[in-house]
Structure formats: structure tokens, C-alpha cells
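Novice: let me see the structure of the following:
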Amino acid sequence: MIFSQEEPVRKARFTHINNEFLCENCSTLIPPLARGCRNHCPKCLTCKHVDFFPGDRANPCQGLMDAVSYHLTSKKGIVLTFKCRTCTQETRNKAACDDINSPDSYEEILKLGNLQRP
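Specialist: Numbers count the residues shown, from 1 in each chain. This next block holds a predicted model:
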């Protein structure tokens, strides 16, 4: 496989970042997860397209991403699919419905209304 200079070489990696942040969609201050890392707002289910790999902050897109669907897995539970408003790329992230600090909104997840098969 040949990579252009603009496209980073993809390697499996994960950078643990679990800081509070301000949602750029609804202006809610989001606390860190009790366990794990959060990349989306638990209130409006919006995130920012900042990573190629979790936590690397290397993606120049920086567009807002909306939750567009969800699916259920036996290992991760609810997994949300996000689509970027700017570049239309889709990514997935585990929902944090059981977080003690700020759980993801079941109501917002159900409003997606389109349960997908994994």
C-alpha cells in the first residue's frame, strides 16, 4: 500500500486522554469519564473530528460529528456511529450510559431511531 505525504501511516495505537471539555454544539461543560475516555457530549451526542487514532489529535478536519446511528454488541454494549459534518467520514465510539459523572442520554440515543446490525 502506498501512502501520500498528507495521509499519516496508520498504526494501531491509543492515547489515553480523559479531560473535561466544552461541547462546541450545545456549550455544555463535559466532565471526564469515571472510567475510560470520552470523545462526545453525553447531552447532544456530538463530538469533534480531531483524531486519526484515539487521542492522537492529529486530524486536521476539526469538523463537528453527529451521532447518526447505533448498534448493540455483547462486549461493548451500545456503540454509536458518528458522521462528520465537514468531510462526511464515519467513526464509532462506545456509549457511556453507565458513567457515574455524566452518563450518555438514552433519550438522545433512542431518538436516532435507527438501530443497525454490527
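Novice: any low-confidence regions in the chain?
Specialist: Within the chain, the ranges that satisfy pLDDT under 70 run 1-12, 14-15, 114-118.
Novice: quick one: the strands in it, in order.
Specialist: If DSSP state E is used as the criterion, the strands of the chain fall at 21-22, 29-30, 46-48, 64-73, 77-84, 90-94.
Novice: now tabulate these in TSV and tack on mean neighbour count and distance to residue 100.
Specialist: Every C-beta, even on glycine, is put in place using the N, C-alpha and C of the backbone. Converted to TSV, those look like this (neighbours: other CB atoms under 10 Å; distance: least, CB to CB, whole Å):
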stretch	mean neighbour count	distance to residue 100
strand 21-22	14	18
strand 29-30	14	14
strand 46-48	22	21
strand 64-73	17	21
strand 77-84	19	16
strand 90-94	16	16
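Novice: which of these sits closest to residue 58?
Specialist: For residue 58, the closest of these is strand 46-48, at 13.1 Å, according to CB to CB.
Novice: so which of the strands of the chain gets nearest residue 102?
Specialist: Of all the strands of the chain, strand 29-30 comes closest under CB to CB, at 6.3 Å.
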